[in-house]
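S.K.: structural data only, the sequence is not supplied:
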């Protein structure tokens with residue numbers, strides 16, 4: 001990735017936050033309110049290159065909280081320094097490529113060039129190791145999700161390296177994100 005792109009992305013994120021906190025906040029709220037529905041919705045707020053606010057909505061598919069999510073190890077490693085796995089963007093090629101052959105499982109567990117697990121394509125992850133829940137540190141190449149940050153703040157999970165060798169069929173796995181909450185998972 002070019003140094004210019006590494007500089008531009010954080011600048012765009014800053015511009016987006018300033019835009020939403022400034023005079024366009026009312027416009028953003030009006031747009032969000034236009035998606036009111038009696039059924040649960042997922043709403044995604046986007047800011048394009050021209051500083052235009054875009055909103056996407058889709059039906060929210062609720063999961064049974066007792067459901068166990070089946071995950072499979074990705075076929076190839078990710079690059080832990082890839083800025084697109086460290087920030088939430090519309091460039092999801094890493095995730096889309098990892099789950100392109102999604103069959104008989106619900107999500108894919110990503111790992112980096114150092115044989116360390118990072119995250120799944122739509123969830124952060126923690127494993128139960130040495131009597132506590134461990135989640136990979138950001139330096140492994142993952143998104144600092146909202147739920148992840150909250151669980152760390154509450155000291156319910158702790159950052160530590162999770163090696164591929166730490167995983168087996170009996171490993172206790174928890175997946176989480178701010179939309180779904182915390183869910184049990186198994187490696188298949």
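M.R.: Received, thanks. Just so you know, these numbers come straight off a predicted model, no measurement behind them.
S.K.: tell me the strands beside the host helix or strand of residue 46, with direction?
M.R.: Following DSSP states H and E, one finds residue 46 within strand 41-47. Paired neighbours of strand 41-47 in the sheet (DSSP bridges): strand 53-59 (antiparallel).
S.K.: give me the neighbour count for residue 101.
M.R.: The number of residues packed around residue 101, counting by other Cβ atoms under 10 Å, is 10. The way it works is simple: take the backbone N, C-alpha and C, and place the C-beta from them, glycine included.
S.K.: could you check how far it is from residue 128?
M.R.: According to Cβ to Cβ, to the nearest Å, residue 101 stands 29 Å off from residue 128.
S.K.: mind checking pLDDT for residue 24?
M.R.: Confidence at residue 24, expressed as pLDDT, is 59.
S.K.: repeat that for the one 3 residues further on.
M.R.: pLDDT, the model's per-residue confidence, is 66 for residue 27.
S.K.: look up phi and psi at the nearest residue to residue 99 once chain neighbours are set aside.
M.R.: Residue nearest to residue 99 in three dimensions, not counting chain neighbours: residue 108, with 4.8 Å by Cβ to Cβ, 6 or more residues apart in numbering. Torsion angles at residue 108 (phi, psi; degrees, to the nearest 10) stand at phi -120, psi 130.
S.K.: show me the contacts for residue 108.
M.R.: Listed by Cβ atoms under 8 Å, 6 or more residues apart in numbering, the contact set of residue 108 reads 71-74, 95, 98-99, 102, 120-121.
S.K.: let's go with 7 Å and repeat that
M.R.: 71-72, 74, 98-99, 120-121 (Cβ atoms under 7 Å, 6 or more residues apart in numbering).
S.K.: do you know how far it is from residue 171?
M.R.: Residue 108 is 16 Å from residue 171, by Cβ to Cβ.
S.K.: cool, residue 145 as well?
M.R.: Residue 145 sits 20 Å away from residue 171, going by Cβ to Cβ.
S.K.: neighbour count winner among those two?
M.R.: Between residue 145 and residue 171, counting by other Cβ under 10 Å, residue 145 is the more crowded of the two (19 against 14).
S.K.: for the residue lying closest to that one once chain neighbours are set aside, which residues are in contact?
M.R.: Nearest-residue entry for residue 145: residue 124, 4.5 Å, with adjacent residues in sequence omitted and distances by Cβ to Cβ, 6+ apart. Residue 124 makes contact with 135, 142, 145, 147-148, 176-177 under the criterion Cβ under 7 Å, 6+ apart.
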